[in-house]
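*Asks:* sharing a sequence plus its predicted fold:
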Amino acid sequence: MIFRTIRLFSDSYSVSSMCEYFEVSKSGYCKFLHRKQDKDEDLRAKIEEIQTKVKSRYGYRRMQIAPKRSMDW
């Protein structure tokens, strides 16, 4: 969460000062930038897309099935 915040405000503030403020290493931030996207992030994005498409009408049972169908798992 902290690294996402740093990335969000990197245009306005320097990365090194934000890393110092949040007490994280710059090397950790660089690893965050260069890592591959996590499977959970893909799933979260897909769930948000489906929820928007169906106007949040699906309950938890349908939401367990819908991403699997659309992502061909």
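*Replies:* On my side now, so go ahead.
*Asks:* so what touches stretch 27-41?
*Replies:* Residues outside stretch 27-41 that contact it (CB atoms under 8 Å, 6 or more residues apart in numbering): Phe3, Ile6, Arg7, Val15, Cys19. Glycine gets a C-beta too; all of them are placed from N, C-alpha and C.
*Asks:* and this structure, what are its domains?
*Replies:* What automatic domain parsing lists as the domains of the chain is 2-34, 39-71.
*Asks:* which of the ones you listed has the lowest average pLDDT?
*Replies:* With a mean of 84, domain 39-71 has the lowest mean pLDDT of those.
*Asks:* so for that one, what gets flagged as buried?
*Replies:* Ile47, Ile50, Tyr58, Ala66, Pro67 (16 or more other CB atoms under 10 Å).
*Asks:* not counting its neighbours along the chain, what's nearest the fourth one?
*Replies:* Setting aside the residues directly before and after it, Ala66 is nearest to Ile50 in space (CB to CB, 6 or more residues apart in numbering), at 5.1 Å.
*Asks:* so which strand or helix has the one you found?
*Replies:* helix 39-53 (DSSP states H and E).
*Asks:* what about that helix, distance to the chain center?
*Replies:* 10 Å (CA atoms, centre = their mean, to the nearest Å).
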